[in-house]
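J.: return a 3D structure for these sequence lines:
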Amino acid sequence: MARLVAKGYTQKYRVDYDETFALVAKINTIRVLMSLAANMDWPLQQFDVKNAFLHGDLNEEIYMDLPLGYNTSTGEKVVCRLKNSLYGLKQSLRAWFGRFTSFMKKIGYRKSNSDHTLFLKHR
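T.: Numbering: from 1, shown residues only. Model (predicted):
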């Protein structure tokens, strides 16, 4: 499968982006959840969203050159404005996680104060 990847390494700090984002669960959160699951006999599930970065909404205006092999009929140099995040952009993970967080809140979950990767839903 071919994948379009942005040249994120060409982005300049404070010009193209203001901050980076790493989505890492705290080890204590994982330990507590594993312990609860074992003691309460809860089933555990894990999933991987293969194209997650393609579903983030960008807040910034980001442009990129056309991929190799794509040309305009007139031959003039044009660029594309990205509406959604793309693999390789510094903003991709934050954009996807922002959209994911909005969805989780919409269906009744709230983000934990102690770990931003943990969502809770009270019954």
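J.: quick one, grab the pLDDT at the residue lying farthest from the centre of the chain.
T.: Within the chain, the residue lying farthest from the chain centre (CA atoms, centre = their mean) is residue 74, at 35.8 Å. We note a pLDDT of 85 for residue 74 in this prediction.
J.: can you list phi and psi of it for me?
T.: According to degrees, to the nearest 10, the main-chain angles of residue 74 amount to phi -90, psi -10.
J.: and it, how far is that from residue 63?
T.: 19 Å (CB to CB, to the nearest Å). Yep, even glycine has a C-beta here, placed from its N, CA and C like the rest.
J.: repeat for residue 78
T.: Applying CB to CB, the value for residue 78 to residue 63 is 10 Å.
J.: ok, now residue 86?
T.: To residue 63, residue 86 is 12 Å away according to CB to CB.
J.: cool, residue 69 as well?
T.: Residue 69 sits 19 Å away from residue 63, taking CB to CB as the criterion.
J.: name the residue in those two with the higher neighbour count.
T.: residue 63 (9 against 5; other CB atoms under 10 Å).
J.: for that one, which non-adjacent residue is closest in space?
T.: Distances taken as CB to CB, 6 or more residues apart in numbering place residue 79 nearest to residue 63, at 4.4 Å, with adjacent residues excluded.
J.: with residue 61 instead?
T.: Closest residue to residue 61 apart from its sequence neighbours, by CB to CB, 6+ apart: residue 81 at 6.7 Å.
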